[in-house]
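Undergrad: dropping the sequence and predicted coords here.
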Amino acid sequence: MELLDMDVDPVRLESSLWVGKKRYRAALTGWHLNWTELDKKNRDKKTVSVPVSEVIGVEEGRVQVLPQRSVAEDTDREFTVFYVKRSSSGSPYGLLWRLGRTQFCCPSRDLRDQWMTQLRIALKTHSPSRPHRLLVFINPFGGKKQGRQIYHSLVAPLFELAGISSHVVVTERANQARDHILKKDLTGFDGVVCVGGDGIFSELLHGVIGRTQQEAGLSAHDPSVTLQSCDLHIGIIPAGSTDCVCFATVGVNDPVTSALHIIIGDSQPLDVCSVHHRSSLVRYSVSLVGYGFYGDVLAESERHRWMGPLRYDYSGAMVYLSNRSYAGVIQYLPADSQLSSPRDNTRCLSGCSVCSKGTERLFPHSPGASSLYSSHFSQFSSDTEGEWVSVEGRFRAVSLTCMSSSCPRSPLGLSPSAHLADGTGDLIIVRDTHPLGFLTFLHRHTSTQDQFDLPFVDVHRVKAVRFSLPTGEEEDRDEERERVNDGGMTEEGKRPSRSGSHKHLVERGEERGQKDFLCGLCCSKAPAVSVWNCDGEILPHTEISCK
Ligand SMILES: CCCCCCCCCCCCC/C=C/[C@@H](O)[C@H](CO)NC(=O)CCCCCCCCCCCCCCC
Ligand SMILES: Nc1ncnc2c1ncn2[C@@H]1O[C@H](COP(=O)(O)OP(=O)(O)OP(=O)(O)O)[C@@H](O)[C@H]1O
Ligand SMILES: [Ca+2]
């Protein structure tokens, strides 16, 4: 046994260890755990190096955690190190992460104890941003209804291994997670986690933003107010139908990958867009605010929830076949085209320089790029300079996306070069066109072909957008007024009342669905207005402003 340099930093501990029948020289420095295979003449063969920040846990003995926890007998000279292992599969924008595991055998029990102690000290000192206590919300009805099973079999064992204690709430109704965050005592929690899709993520987002503003005494209804940034991080374990926020931030939809990111305290700031109707806040969005095609697909899909994730494809086909376009007036405030453009072929990833510059511009005094996962605010009140541009016409689709909105259905997303946290969104305007043209546009979302390189499509990087109906068709007819009263945010809670507006709109969608889709197909009168899809929720207003 050699035991070298124990007290001298950077090497904290170095010794010979065995992994199976092979002998290694293992060393723990402040930042890395390395082990190098030695041949019979003590010459180095290959080295494995794991950053301490990616070590998940250390256990005495020969331990296995996934798929089930098991501990081998007679193991007082052994210890097991668990760490992040990048798999070779995944997507071009994110690799799958797996739980790596190496079982070391020491020459003595004493040395084993030294390794355990030093590794645990290193973990504590070099992973300051790791969460210790998490509040987890599981939507048992999201996606393929596997949220509970996904959490308990794949995620909880990892949290336990990493020493994270979690309080789990399985939701019993829509908006329970949001209300819990808005109203309950959250002392001691380092973050909130959702197990589900974009819908339950949105609940957490509204809860976290709403609570922060309540505590700061700010009214989110006032579009000119600068909202307070949020301290609570949001983690997402994907178990929904689209899981667009997870895919666009992590690059893959995989519960184990996400759990490992959460454990090591990774974070990614996100742009949040507020949607107002007149002077009241309607909702926040991080992904899609879409009118026309995406609004109609959502309204139609709500009637087919029983189909699960397939409902979007079915509804997409139905809406496509109904061949609709809508009149409207779009106004937008262009972002600085010197900084970036939606057609510059860049791809935003964690550590993106455009986002860092954006953060610096929007939050000149913040310490670095905010460490928030997804509750980061653009201070548009100080960023509203510029000339508004107006476009009037008939549109197949009007979409505003703050991020690429990539998802398995469209791996590059609605706007492949959009940035996660630059304080801007991409406005995609698809003017009325013939059915084949629109199908080409849609189809290009599934490949690397440029969906913006079509004569009826325009894309602009923007700071704010307003949408209104053409003169004479403004949103003050009875029907619209009813929708206004029925939905939107309540004064006290600054929160969306999904169920009220939703029920109404689903009913309306049902009525419309039965008559109008058939009408659309046989060219009779189609409705004059569509609905807005805001991250998978139907908005109760047509005339909105986003920033
Ligand atoms: C010919 C194949 C065309 C395939 C076209 C694929 C386009 C896919 C674009 C995906 C964009 C996702 C945007 C993300 C929005 C999320 O914040 C939100 C919340 O989860 N999801 C939805 O609103 C859910 C929206 C889901 C929209 C799905 C649209 C599916 C369209 C299918 C069209 C079929 C045409 C067939 C013609 C016979
Ligand atoms: N216990 C519950 N019962 C009914 N609805 C719920 C419950 N918990 C959450 N919800 C609501 O269900 C909706 C959909 O949830 P979620 O996003 O998890 O799944 P999904 O719709 O299948 O996925 P995606 O949003 O990715 O398409 C959300 O709007 C959420 O508010
Ligand atoms: Ca953005």
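TA: Structure's in. What do you need? Numbering: from 1, shown residues only. Ligands and ions are numbered 1, 2, ... in the order given.
Undergrad: the residue in the stretch 301-450 of the chain positioned nearest to ligand 2: how many residues sit nearby?
TA: Residue of the stretch 301-450 of the chain nearest ligand 2, by Cβ to the nearest ligand atom: residue 309 (6.6 Å). Bear in mind the C-beta positions are built from the backbone N, C-alpha and C, glycine included. As a burial measure, residue 309 scores 17 neighbours (other Cβ atoms under 10 Å).
Undergrad: so who does it touch?
TA: The contact partners of residue 309, by Cβ atoms under 8 Å, 6 or more residues apart in numbering, come to 143, 144, 241, 242.
Undergrad: quick check: it is in a strand.
TA: No - the assignment for residue 309 (DSSP: H, G, I helix; E, B strand; the rest coil) gives helix, which keeps it out of a strand.
Undergrad: check what pLDDT it gets.
TA: According to the prediction, residue 309 has pLDDT 90.
Undergrad: do you know how far it is from residue 354?
TA: 32 Å (Cβ to Cβ, to the nearest Å).
Undergrad: interface residues of the stretch 301-450 of the chain facing ligand 1?
TA: Where proximity means Cβ under 6 Å from any ligand atom, the interface of the stretch 301-450 of the chain facing ligand 1 comprises 312-313, 316-317, 320, 405, 407, 409-410, 414, 442-443, 445-446.
Undergrad: farthest pair within those?
TA: Between any two of those, the greatest separation by Cβ to Cβ is 20.1 Å, found for 317 and 405.
Undergrad: more neighbours: the two, which one.
TA: Neighbours were counted for residue 317 and for residue 405 using other Cβ under 10 Å; residue 405 has more, 27 against 12.
Undergrad: and that one, that's in a strand?
TA: No - secondary structure of residue 405 (three-state DSSP): coil, not part of a strand.
Undergrad: and it, what does it touch?
TA: 244, 248, 287, 288, 413, 414, 415, 418.
Undergrad: so the closest residue to ligand 3 within the stretch 1-150 of the chain versus residue 416, what's the distance?
TA: At 15.7 Å from ligand 3, residue 93 is the closest residue in the stretch 1-150 of the chain, using Cβ to the ion. Counting by Cβ to Cβ, the gap between residue 93 and residue 416 amounts to 10 Å.
Undergrad: which neighbours do these two have in common?
TA: With Cβ under 8 Å, 6+ apart as the test, residue 93 and residue 416 both reach 347, 406.
Undergrad: could you check which of those two has the larger neighbour count?
TA: The neighbour comparison of residue 93 against residue 416 (other Cβ under 10 Å) goes to residue 416, with 24 against 20.
Undergrad: backbone torsions only: list them for that one.
TA: The phi and psi values for residue 416, taken as degrees, to the nearest 10, are phi -60, psi -30.
Undergrad: so what's it closest to, chain neighbours aside?
TA: residue 404 (5.6 Å; Cβ to Cβ, 6 or more residues apart in numbering).
Undergrad: quick one, domains of this protein?
TA: Domain ranges of the chain: 11-126, 133-263, 274-546, per automatic domain parsing.
Undergrad: which residues does the closest residue to ligand 2 within the stretch 401-547 of the chain contact?
TA: Closest approach between the stretch 401-547 of the chain and ligand 2, counting by Cβ to the nearest ligand atom: residue 536, at 4.5 Å. With Cβ under 8 Å, 6+ apart as the criterion, the residues that contact residue 536 are 197, 198, 199, 202, 242, 287, 288, 298.
Undergrad: and ligand 1, which of these reach it?
TA: Counting by Cβ under 6 Å from any ligand atom, the subset of the contacts of residue 536 that neighbours ligand 1 consists of 197, 198, 242, 287, 288, 298.
Undergrad: so which of those are in helices?
TA: The subset of those located in helices under the criterion DSSP state H comprises 198, 298.
Undergrad: closest to ligand 2 among the ones next to ligand 1 among the contacts of residue 536?
TA: Of all the ones next to ligand 1 among the contacts of residue 536, ligand 2 sits closest to residue 197, with 2.2 Å by Cβ to the nearest ligand atom.
Undergrad: which element, helix or strand, includes the closest residue to that closest one other than its chain neighbours?
TA: Ranked by Cβ to Cβ, 6+ apart and with sequence neighbours excluded, the top spatial neighbour of residue 197 is residue 240, at 1.5 Å. Mapping residue 240 onto the secondary structure by DSSP states H and E places it in no helix or strand at all.
Undergrad: wait, what's in contact with the residue of the stretch 151-300 of the chain found nearest ligand 3?
TA: Evaluated by Cβ to the ion, the stretch 151-300 of the chain has residue 271 as its residue closest to ligand 3, separated by 4.0 Å. Residues in contact with residue 271 (Cβ under 8 Å, 6+ apart) are 286, 376, 378, 402, 403, 419, 420, 421, 422, 423, 424, 425.
Undergrad: out of those residues, which sit inside strands?
TA: Within these, membership in strands is found for residue 425, as judged by DSSP state E.
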